[in-house]
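[1] Output the structure for:
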Amino acid sequence: MAGKGLLRGSSGGSFLLIGGAEDKEGECLILREFVSLAGGERASIVVITTATRLPEEVGEVYRRVFLKLGAGEVLPLHLDNREKAADPAPVRILQQATGIFFTGGDQLRIARILGGTRVEQALQVASRAGVVIGGTSAGAAAMGEVMITGGRGGRSPGRNTVKMAPGLGLISGVVIDQHFAQRGRIGRLLAAVAHNPHVLGIGIDEDTAIAVSPDGRFTVLGSGTVTVVDGRTITHTNASDLRPQPMLALAGATLHVLPQGYGYDFKSRQPCFTV
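    Numbers count the residues shown, from 1 in each chain. Have a look, this model is predicted:
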């Protein structure tokens, strides 16, 4: 899939995907970058709170942070059911945005509430029009065409370690996991790639993000690292084996670990050593 199908809908747009627990009180490096990508003092940012069970509280937190960082306008958008997501009113709001940001929570709520609605269509249109789309934690996980919805971390990967479902597909060809090192999720990302070797696995640590540009590259920001798992090189796996073996076998997968300042080229499937 290298060079084809990846970053669908981003011919003029970019993405900022955060592993969760980003700095909101100090330098705010990652969120500051989102405001900059959205236009700085001219930015009109819409914060979509669908993933969280506390939409008013969480939306207000990001409204205050983005305004503090210099955004011109910030509007929380609470879409907690499919009826609201099918209404023309939020579509008109999204059409005026220069940046769209998804909060954390539960990525399944994003897919189940927004999937196939007018709002999802508006997101695709916005991405093609050059609007920067960001998300933290669940908001980042939902961006891929395949998303991880569950699975225990901190243990050896089993064949059934991970649960997956279709995501929004704003970025095709990837599966994104969040809170990566902090919750020991390497096993479930390896399992996700073993079951879907055509997609690129991206694990993002807390207070860490990838800034994805329209030319098919990302750079790493923040205090942690980003782990990339390329399944195209897999030579053997028992992921689809019918024999009753509970543990995952995986050979030949390519793995990269990238801190701030490093990057990755989706087209060549190679890291970029820019520091």
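[2] Report the contact partners of the nearest residue to Pro259 once chain neighbours are set aside.
    Of all residues not flanking Pro259 in the chain, Thr225 sits nearest, at 4.9 Å (CB to CB, 6 or more residues apart in numbering). Any C-beta I mention is one placed from the backbone N, CA and C, and that applies to glycine too. Contact analysis of Thr225 by CB atoms under 8 Å, 6 or more residues apart in numbering lists Ala181, Asp205, Thr208, Val257, Leu258, Pro259.
[3] Run the chain-centre distance for the longest helix along the chain.
    Across the chain, the helix with the greatest residue count (assigned by DSSP state H) is helix 55-68. The chain centroid and the centroid of helix 55-68 are separated by 20 Å under CA atoms, centre = their mean, to the nearest Å.
[4] For whichever helix or strand comes after it, output the C-alpha coordinates as CSV.
    Using DSSP states H and E, the next helix or strand after helix 55-68 towards the C-terminus is strand 73-77. Taking C-alpha atoms only, strand 73-77 is exported to CSV below (Å, rounded to 0.1, in the frame of the first residue of the first chain):
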residue,chain,number,x,y,z
GLU,A,73,-12.1,31.2,17.8
VAL,A,74,-12.8,27.9,19.6
LEU,A,75,-16.2,26.2,19.5
PRO,A,76,-16.9,22.9,21.3
LEU,A,77,-19.3,20.7,19.3
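[5] which strands and helices sit next to strand 73-77?
    strand 44-48, helix 55-68, helix 88-95 (3 or more CB pairs under 8 Å, 6 or more residues apart in numbering; DSSP states H and E).
[6] Now it: buried residues?
    The neighbour-count check on strand 73-77 (16 or more other CB atoms under 10 Å) flags Glu73, Val74, Pro76, Leu77 as buried.
[7] could I get the contacts of Thr225 as TSV with pLDDT and secondary structure?
    Formatted as TSV, the contacts of Thr225 follow (pLDDT from 0 to 100; DSSP: H, G, I helix; E, B strand; the rest coil):
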residue	pLDDT	secondary structure
Ala181	97	coil
Asp205	98	coil
Thr208	98	strand
Val257	98	strand
Leu258	98	strand
Pro259	98	strand
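[8] now those residues: which count as buried?
    Buried residues within these, counting neighbours by 16+ other CB under 10 Å: Ala181, Asp205, Thr208, Leu258.
[9] and which of the residues you listed is nearest to Val174?
    Leu258 (14.5 Å; CB to CB).
[10] That closest one and Val228 touch, don't they?
    Yes. Contact status for Leu258 versus Val228: in contact at 6.8 Å, counting by CB atoms under 8 Å.
[11] and for the two, which residues touch both?
    Listed as contacting both Leu258 and Val228 by CB under 8 Å, 6+ apart are Tyr264, Pro271.
[12] now Leu75: how far from Ile100?
    10 Å (CB to CB, to the nearest Å).
[13] what do you get for Leu170?
    In terms of CB to CB, Leu170 sits 10 Å off from Ile100.
[14] Surely Lys267 and Ser213 touch.
    No. With contact defined as CB under 8 Å, Lys267 does not count as touching Ser213 (11.7 Å).
[15] neighbour count winner among the two?
    Taking neighbours as other CB atoms under 10 Å, Lys267 and Ser213 compare with Ser213 leading, 16 against 13.
[16] List the contacts of the residue nearest to that one when sequence neighbours are not counted.
    Spatial nearest neighbour of Ser213, excluding adjacent residues (CB to CB, 6+ apart): Ser14 at 5.4 Å. By CB under 8 Å, 6+ apart, Ser14 lies in contact with Leu37, Val132, Ile133, Ala211, Val212, Ser213, Pro214.
[17] That concludes my questions; thank you for your assistance.
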